[in-house]
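Colleague: how would this look folded up:
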Amino acid sequence: MRQGGLVSAFPSARGHLTEGAIGRPAVDWEQRYRRTVITSDTVTTAVVVAGIGNFFGVRDAANWHEKWGILAFGTELLVLGALAVSRSWSPAVLGQGAEEFRRLGRSLFMATVVLALGGIALTSRNIKLWIFVAVPAIAIVTMVARYLLRLWLHRQRKEGRCLRPVLAAGSPATVRDLITRTRRFPHLGWRVDAVCTDGAEPEDGDQLDGVPVVGPLSDVADHVRRDGYRVVAVTPDPHWSPHRLQRLAWNLEGSDAEMVVAPVLMEVAGPRLHVDAVLGIPLLRVSMPAFTGGRRAVKAVVDRLGAAILLTLFAPLMVFVALLILVDSRGGVLYRQRRVGKDGREFTIVKFRTMVAGAHGARAALADRNEGAGLLFKLRRDPRVTRVGTVLRRYSIDELPQLFNVLTGSMSLVGPRPPLPEESAAYGPDIRRRLLVKPGLTGLWQISGRSDLPWEEAVRLDLRYVEDWSLALDTVILWKTLRAVLHGQGAY
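Modeller: Predicted structure coming up:
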């Protein structure tokens, strides 16, 4: 392992160890990564505050130590205090999805409110600089630093390092599904090292998808205490009665293990799940999906404003692409096609033309070569695609005119893929839930493999977005879309 820097700071946690050796390396790298994030937040906040002070010449102001010095120190103290109060440094959220950035944003908003109220109470005329310049600058720099640290962490996890050893306990089918998901998404930081499942007493060498079966469900706590797993993932199984789950939680007390119970509603998550205590009974409350209301109104405003800004920025590129299309092949610049949008209403989608004229009529002759999943028609080497069209499709440049669809309200920046009318006509009741929201220019399908995705996985991702939509999730998807487009994976 390379010495110095971040790599040597987080030791590897490979293999199946015993006598607590699994748990300890996991604790070490988690705590070291947490300290690195805290140090990063503290340093970036201090640098921004000092930089603003020098740039605006506050050191030359009268009574600097009494006024500006107090405000600068107070701003940094408020930001760091808000980060601690909102648990933005909790190992459970660091490197884990949109929740890390949601807590970071909530902390900075809290610091801004307290700073504003303090300025009003103290009748300070200098507070505006710290509210409208310092805190936004701290937000930008801190989020960029967090993102870079997360990229490093995800890279380590893809190489088998910085993973949390997991003991999965449940039925063979649900445990197998968990193993598959952790291997498909190693950046989430889980590695299933052992399995407990009911049935016959396991013999030496028994495995489930290559993972050792170490015992029955009744022995979960014993294996955790002996081998030091960091996560106990409880998946659905008739064995898990409320009493047995409670007993397992009691038996895990005092260990380093975190108990995670997979709900029956596997695809419902995020802001829709709430745990309430009613009459002394813990209940998992599932709120209705948000298809209307204030958040949807905010999304509509963001969509149209974002589309207008992007059209302005990409206008020179779009003009250049239009000229290339005209020079490359005969036909118009734009391609129009009927698609199905929210509530099953049809609209006309606009794209740059990437195929030869009359390509739709030639589709029937290529039906036997279809490589698309499910209801989709796709060919990796479609003879109808032009030379310019190949490049446009690889980097999704052909979809830029859809910003006009977003601007007019028939599409959103983020949402499910807009289906063709013939695809929509073949939808069953479950898949038809994709039409409860506006289709998107990008979505979970775009950042997860695009045309390489199996049909069932593409549908699952679209339905997950419909069920668990949030403004934070939209922000993450838009950010990750840039990387997906630059890599060109699954685009053809």
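
Colleague: which stretches of the stretch 51-200 of the chain form strands?
Modeller: Here the stretch 51-200 of the chain has its strands, by DSSP state E, counting those that start in this stretch, at 164-169, 190-196.

Colleague: Next, format these as a markdown table and append mean pLDDT.
Modeller: A markdown table is the format used below for the strands of the stretch 51-200 of the chain (pLDDT from 0 to 100):
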| stretch | mean pLDDT |
| --- | --- |
| strand 164-169 | 93 |
| strand 190-196 | 93 |
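
Colleague: most neighbours per residue, which of these?
Modeller: The highest mean neighbour count among these belongs to strand 164-169 (a mean of 27), with neighbours defined as mean count of other Cβ atoms under 10 Å. Every C-beta, even on glycine, is put in place using the N, C-alpha and C of the backbone.

Colleague: relative to strand 190-196, how tilted is that strand?
Modeller: On the basis of axes from the mean of the first three to the mean of the last three Cα atoms, to 10 degrees, strand 164-169 is oriented at 30 degrees to strand 190-196.

Colleague: What pairs with strand 164-169, parallel or antiparallel?
Modeller: Applying DSSP bridges, strand 164-169 is found paired with strand 190-196 (parallel), strand 231-234 (parallel).

Colleague: what's the closest of those strands to Leu77?
Modeller: strand 231-234 (34.8 Å; Cβ to Cβ).

Colleague: Identify all contacting residues around the following helix or strand past that closest one.
Modeller: Downstream of strand 231-234, the first helix or strand assigned by DSSP states H and E is helix 242-252. With contacts defined as Cβ atoms under 8 Å, 6 or more residues apart in numbering, helix 242-252 is touched by Val220, Ala221, Val224, Val232, Val234, Met259, Val261.

Colleague: Tell me if I'm right that the fifth one and Leu167 touch.
Modeller: No. Applying Cβ atoms under 8 Å, one finds Val234 not in contact with Leu167, separated by 9.6 Å.

Colleague: related to what we said a few turns ago, can you lay out the strands of the stretch 51-200 of the chain as TSV showing distance to Trp89?
Modeller: Output for these, formatted as TSV (distance: least, Cβ to Cβ, whole Å):
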stretch	distance to Trp89
strand 164-169	17
strand 190-196	21
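
Colleague: Val333: which of these is closest?
Modeller: If you check each of the strands of the stretch 51-200 of the chain against Val333 by Cβ to Cβ, strand 190-196 wins as the nearest, at 47.7 Å.

Colleague: if we can go back for a sec, how about the contacts of helix 242-252 in a markdown table, adding pLDDT, distance to Ala357 and neighbour count?
Modeller: Putting the contacts of helix 242-252 into a markdown table (pLDDT from 0 to 100; distance: Cβ to Cβ, whole Å; neighbours: other Cβ atoms under 10 Å) gives the following:
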| residue | pLDDT | distance to Ala357 | neighbour count |
| --- | --- | --- | --- |
| Val220 | 92 | 64 | 25 |
| Ala221 | 92 | 68 | 22 |
| Val224 | 91 | 65 | 26 |
| Val232 | 92 | 60 | 23 |
| Val234 | 92 | 58 | 23 |
| Met259 | 89 | 61 | 19 |
| Val261 | 86 | 57 | 16 |
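
Colleague: is it true that Ser88 touches Arg103?
Modeller: Yes. The pair Ser88 / Arg103 is scored as a contact, 4.4 Å apart, by Cβ under 8 Å.

Colleague: Could I get the full set of helices for the stretch 1-150 of the chain?
Modeller: Taking DSSP state H, counting those that start in this stretch as the test, the helices found in the stretch 1-150 of the chain are 5-9, 23-55, 68-85, 99-121, 127-129, 135-158.

Colleague: Let me have the ones you listed in a markdown table, extended by mean neighbour count.
Modeller: Below are the helices of the stretch 1-150 of the chain laid out as a markdown table (neighbours: other Cβ atoms under 10 Å):
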| stretch | mean neighbour count |
| --- | --- |
| helix 5-9 | 12 |
| helix 23-55 | 17 |
| helix 68-85 | 19 |
| helix 99-121 | 18 |
| helix 127-129 | 16 |
| helix 135-158 | 17 |
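
Colleague: In CSV, list these along with distance to Arg417 and mean pLDDT.
Modeller: Formatted as CSV, the helices of the stretch 1-150 of the chain follow (distance: least, Cβ to Cβ, whole Å; pLDDT from 0 to 100):
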stretch, distance to Arg417, mean pLDDT
helix 5-9, 38, 34
helix 23-55, 35, 82
helix 68-85, 37, 84
helix 99-121, 25, 85
helix 127-129, 45, 78
helix 135-158, 25, 91
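
Colleague: Please report how far Val43 lies from Leu80.
Modeller: For Val43, the distance to Leu80 (Cβ to Cβ, to the nearest Å) stands at 11 Å.

Colleague: Next, the residue most central in space within the chain: phi, psi?
Modeller: Compute the mean C-alpha point of the chain, and by Cα atoms, centre = their mean the closest residue is Gly97, 4.5 Å away. Gly97 adopts backbone torsions of phi 70, psi -160, taken as degrees, to the nearest 10.

Colleague: Please name the nearest non-neighbouring residue to it.
Modeller: What sits nearest to Gly97 in space, not counting adjacent residues and going by Cβ to Cβ, 6 or more residues apart in numbering, is Val476, at 7.4 Å.

Colleague: and the strand or helix carrying that neighbour, what does it pack onto?
Modeller: If you go by DSSP H and E, Val476 is part of helix 471-487. Here helix 471-487 touches helix 99-121, helix 294-328, strand 412-414, strand 440-442, going by 3 or more Cβ pairs under 8 Å, 6 or more residues apart in numbering; DSSP states H and E.
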